[in-house]
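Asker: Let's see this in three dimensions:
(2 chains)
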Protein chains: 2
Amino acid sequence: MIHVAEDHQDSQEEFTVTPWTVKGTIDYDKLIEKFGTTKISQSILKKFQKLTGEIHPFLRRGIFYSHRDLDWILERYQAGEEFFLYTGRGPTGNVHLGHLIPWIFTKYLQDKFNAELYFQYTDDERFLYSDSSTLEETHTTAYDNLLDLIALGFDPKKTFAFLDTDYMRTLYPIAAKISKHITLSTAKSIFGFENSTNLGLIFFPTLEAVPCFLPSVLKGKNIPCLIPAAIDQDPYWRGIAREVAPKLGFYKPAQIHCKFMPGLGQGGKMSASEPDTAIFTTDPPKVVERKVMNSFTGGRKTVEEQRRLGAQADICPIYHYYYFLFEQNDSELGKIYDDCTSGRLLCGDCKHLLASRVVEYVERHQEKREKAKELVDEFVVQDVKGGLRKKSES
Amino acid sequence: MIHVAEDHQDSQEEFTVTPWTVKGTIDYDKLIEKFGTTKISQSILKKFQKLTGEIHPFLRRGIFYSHRDLDWILERYQAGEEFFLYTGRGPTGNVHLGHLIPWIFTKYLQDKFNAELYFQYTDDERFLYSDSSTLEETHTTAYDNLLDLIALGFDPKKTFAFLDTDYMRTLYPIAAKISKHITLSTAKSIFGFENSTNLGLIFFPTLEAVPCFLPSVLKGKNIPCLIPAAIDQDPYWRGIAREVAPKLGFYKPAQIHCKFMPGLGQGGKMSASEPDTAIFTTDPPKVVERKVMNSFTGGRKTVEEQRRLGAQADICPIYHYYYFLFEQNDSELGKIYDDCTSGRLLCGDCKHLLASRVVEYVERHQEKREKAKELVDEFVVQDVKGGLRKKSES
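Answerer: Residues are numbered from 1 along each chain as shown, chains lettered A, B, ... in the order given. Okay, here's the model as predicted:
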């Protein structure tokens, strides 16, 4: 039995989770309540076991912990109906390890369920939301971010990536049909739009809903959709795609929600806006090592005190990193937890061990990222009639 | 001196002119006041005379009667700077003669000023606004309506037509940049958007502003834009394009506004929603003739009374039709007016004369419209990088 890395801090503390902002110490059970989603049950885990022969660590450890209609989509799959995956990225800057979590799981789902993936880069939304970025910048960033996706090993034959601004001829007619069913007042209540919000941001939720139906439209048949994503993105699909789906004659997209990988500071998710406590996939190994070694920990003030009381793994980002990504073996993870909390393992040693694993991971990722530059045309779909042709196929 | 066909009815009567609705008896001077535009002055007419060697009947007769920055754009032209034209069509149904008025004038401006024309078919907006149309229907209608444009004789080398949904990859990035500068509260105050308005309609004004800057973006230099259109379209460009232009580093689009050709009923503009009093370019000659012969007129109750009092040309659609399109010679028009108002010309004869002219016009238009079917690819631009290539050029 491993210890679940929950946030044990005072849940009275304020926290905010919206599609744009995540701050404070997150009470994940409260988020389920707030968003009206469902906790992933033991019976769903059993279904995964049955269908795939295993339970992925992200599921076992509750990193993917909440869902909508996941049971339904697994039942359909069991009955012989394929589904597709949809997720995406707002290209604001470099990709960090926290971003990789849902994509790693998406890749796993693609492999296990032989599912197509539709991956949206919302260069438009990032531009519309930013005070300083140009559209040309977010566009360039999207192409750079794409390398991280490709590096994760997705199947080019089953993966369709696109940037909003480059794929708008295909996306817009579907967005227009969605938008006709969404009133301003609905959008205001879901997203908190105000009189000062710009018109592009107000329209944008319809564009983020499009991929839920895109393959159904392009292939002319209703195909179930499963969206793996961090839970903060839920409002887009709850309020727009799931509302509109029956009106357009499509299935409501199912969702599977993950928690946020923490940053290396005290509390809070890994965030590109706090670069010292985030590990970017493009960080040089020396920088990765330094960031890990400079991390906040659950350690005590003195070695003596730590030997006596043990350290606090539950609030320690270093422990969370093992938990999320860097120790997939449960008994090894349990050992780290026990050694930490019993005072046997000191923070310096623990950080060294993690640093070497993270450096190795990032170095390997960077090699694959470099090779990905040659593969872009095999992943990006062209904005031509039919919508699913790659440059490499033209 | 000819008699200006003004609306002489009680100007206290309610009238509404918005981009979506035109009803009641329009007081065109009040519209200038309401919209804050400028009446076309004698000095502007003189400038036209100087630059083109003539004054088009639409200008002479005050059919095009209001403007923004027309003096400015003519001065720039005089100084050697080219401008381009932009106008468009919301493809709701068949084109009628009222729609042709601004396009005929646009063709004239293209010829005289050797100007490129960018012509937008807003199939998206018509779909978003309609209770019943599908996007596929408005798309089909747009292509059908395009034949009327081509039939008017525009120069394919200098004319770039596009449907919103087919050209969105080119339009959307520009729309996104515009939209970032337009808040919801601005859009509400200009267009009267309410909480029940759908998100597509709320975003749409940014798309209608795009062509004001399109050639400047695609050619990488700032090019002045002149928009000939009915005055009800003013809010789009006043509130959006003209506001945003300086923020994006472009010239504010100049505008030249026309009045509405009346319907054949009593009062009101020609409207596709009242098909019995509108002459469509696709009406068979017999139908055209019947509609003209069934028209409301300014005639008296009896022949005797008309001989004695004369008829009321000012409120007569038949007279307006001569005035707008079917008698371009001023002294001939003056003769019709005098014969009518003095009681010499009776309505039956007057309608017969007009009917034969309208039938001839529509028949000739239909021949050109038929030939236009072969020319579509020479007018429609493709949604590919660069944005100005026609199908006929690929």
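Asker: List the residues that contact residue A:108.
Answerer: A:56, A:58 (C-beta atoms under 8 Å, 6 or more residues apart in numbering or on different chains). In this view, the C-beta of every residue, glycine as well, is placed from N, C-alpha and C.
Asker: quick one: it is in a strand?
Answerer: No: secondary structure of residue A:108 (DSSP: H, G, I helix; E, B strand; the rest coil): helix, not part of a strand.
Asker: quick one: it and chain B, what's the gap?
Answerer: With distances taken as C-beta to the nearest C-beta, to the nearest Å, residue A:108 is found 33 Å from chain B.
Asker: any idea which helix or strand carries residue A:209?
Answerer: helix A:199-209 (DSSP states H and E).
Asker: and after that helix, which helix or strand comes next?
Answerer: Following helix A:199-209 in sequence order, the next helix or strand is helix A:214-219 (DSSP H and E).
Asker: tell me what the following helix or strand past that next one is packed against?
Answerer: Toward the C-terminus, helix A:214-219 is succeeded by strand A:225-230 as the next helix or strand (DSSP H and E). Taking 3 or more C-beta pairs under 8 Å, 6 or more residues apart in numbering or on different chains; DSSP states H and E as contact, the helices and strands that strand A:225-230 lies on are strand A:84-89, helix A:97-113, strand A:254-258.
Asker: and strand A:225-230, how far out from the chain's middle?
Answerer: Remark: strand A:225-230 is offset 8 Å from the chain centroid, using C-alpha atoms, centre = their mean, to the nearest Å.
Asker: ok, it: who's next to it in the sheet?
Answerer: If you go by DSSP bridges, strand A:225-230 pairs up with strand A:84-89 (parallel), strand A:254-258 (parallel).
Asker: Just put the ones you listed in CSV and tack on mean pLDDT.
Answerer: Formatted as CSV, the strands paired with strand A:225-230 follow (pLDDT from 0 to 100):
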stretch, mean pLDDT
strand A:84-89, 97
strand A:254-258, 97
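Asker: TSV for those, including distance to residue B:344 and mean neighbour count?
Answerer: Output for the strands paired with strand A:225-230, formatted as TSV (distance: least, C-beta to C-beta, whole Å; neighbours: other C-beta atoms under 10 Å in any protein chain shown):
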stretch	distance to residue B:344	mean neighbour count
strand A:84-89	75	24
strand A:254-258	79	26
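Asker: Out of those strands, the one nearest residue B:224 is which?
Answerer: For these, the distance to residue B:224 is smallest for strand A:84-89, at 39.9 Å, taking C-beta to C-beta.
Asker: Next, the angle helix A:199-209 makes with the closest one.
Answerer: 150 degrees (axes from the mean of the first three to the mean of the last three C-alpha atoms, to 10 degrees).
Asker: Pull the contacting residues for residue A:124.
Answerer: Remark: with contacts taken as C-beta under 8 Å, 6+ apart, residue A:124 is in contact with A:135, A:138, A:164, A:165, A:200, A:204, A:207, B:172, B:173, B:176.
Asker: if we can go back for a sec, now distance to residue B:338 too, for the helices and strands packed on strand A:225-230, in JSON lines please.
Answerer: Output for the helices and strands packed on strand A:225-230, formatted as JSON lines (distance: least, C-beta to C-beta, whole Å):
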{"stretch": "strand A:84-89", "distance to residue B:338": "71"}
{"stretch": "helix A:97-113", "distance to residue B:338": "80"}
{"stretch": "strand A:254-258", "distance to residue B:338": "76"}
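Asker: quick revisit: can I get the helix holding residue A:209 in CSV, CA atoms only?
Answerer: C-alpha atoms of helix A:199-209 as CSV (Å, rounded to 0.1, in the frame of the first residue of the first chain):
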residue,chain,number,x,y,z
LEU,A,199,-14.6,39.6,-28.3
GLY,A,200,-12.0,37.0,-29.3
LEU,A,201,-11.9,35.5,-25.8
ILE,A,202,-15.7,35.4,-25.7
PHE,A,203,-15.9,33.4,-29.0
PHE,A,204,-12.9,31.2,-28.1
PRO,A,205,-14.8,28.5,-25.9
THR,A,206,-16.6,27.4,-29.1
LEU,A,207,-13.3,26.7,-30.8
GLU,A,208,-12.0,24.7,-27.9
ALA,A,209,-15.2,22.6,-28.2
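Asker: What helices and strands are in contact with that helix?
Answerer: In terms of contacts (3+ C-beta pairs under 8 Å, 6+ apart), helix A:199-209 is packed against helix A:123-129, helix A:168-179, helix A:184-191, helix A:234-236, helix B:168-179, helix B:184-191, helix B:199-209.
Asker: Could you identify which of those helices has the lowest mean pLDDT?
Answerer: Across those, helix A:234-236 has the smallest mean pLDDT, namely a mean of 86.
Asker: centre of the chain versus that helix, how much separation?
Answerer: Distance of helix A:234-236 from its chain centroid, counting by C-alpha atoms, centre = their mean, is 13 Å.
Asker: okay, now residue A:46: neighbour count?
Answerer: By other C-beta atoms under 10 Å in any protein chain shown, 11 other residues sit near residue A:46.
Asker: what does residue A:384 give?
Answerer: Residue A:384 has 14 neighbours, counted by other C-beta under 10 Å.
Asker: Repeat that for residue A:324.
Answerer: The number of residues near residue A:324, taken as other C-beta under 10 Å, comes to 26.
Asker: returning to that earlier point: among the helices and strands packed on helix A:199-209, single out whichever gets nearest to residue A:81.
Answerer: Among the helices and strands packed on helix A:199-209, if distance is taken as C-beta to C-beta, the winner is helix A:168-179, at 21.8 Å.
Asker: any bit of that closest one sitting next to chain B?
Answerer: Yes: counting by C-beta under 8 Å from any C-beta of the partner chain, chain B is contacted by helix A:168-179 at A:168, A:169, A:171, A:172, A:173, A:175, A:176, A:177, A:179.
Asker: For those residues, give me a markdown table that also has distance to residue B:317.
Answerer: Output for these, formatted as a markdown table (distance: C-beta to C-beta, whole Å):
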| residue | distance to residue B:317 |
| --- | --- |
| A:168 | 44 |
| A:169 | 43 |
| A:171 | 45 |
| A:172 | 40 |
| A:173 | 39 |
| A:175 | 42 |
| A:176 | 37 |
| A:177 | 39 |
| A:179 | 39 |
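Asker: hmm, which two among these are most spread apart?
Answerer: That would be A:169 and A:179, which, of those, are the farthest apart (C-beta to C-beta) at 16.2 Å.
Asker: Between these two, which is the more surrounded one?
Answerer: Remark: of residue A:169 and residue A:179, residue A:179 carries more neighbours, 28 against 22, as counted by other C-beta under 10 Å.
Asker: Next, residue A:161: secondary structure please.
Answerer: Per three-state DSSP, residue A:161 ends up strand.
Asker: Would you mind naming the residues that bridge with residue A:96?
Answerer: Counting by DSSP bridges, the residues bridging with residue A:96 are residue A:280.
Asker: roughly how far apart are it and chain B?
Answerer: According to C-beta to the nearest C-beta, residue A:96 stands 26 Å off from chain B.
Asker: same question, residue A:287
Answerer: From residue A:287 across to chain B, the span is 34 Å (C-beta to the nearest C-beta).
Asker: That residue: neighbour count?
Answerer: Residue A:287: 16 neighbours (other C-beta under 10 Å).
Asker: quick check, it in a helix?
Answerer: Yes: membership of residue A:287 in a helix is supported by three-state DSSP.
Asker: For it, give me its contacts.
Answerer: Here residue A:287 is in contact with no residue (C-beta under 8 Å, 6+ apart).
Asker: circling back to that earlier point, right, and the helices and strands packed on helix A:199-209 - which one's nearest residue A:29?
Answerer: Shortest distance between residue A:29 and the helices and strands packed on helix A:199-209, using C-beta to C-beta, is found for helix A:234-236: 14.6 Å.
Asker: tell me what that closest one is packed against?
Answerer: helix A:199-209.
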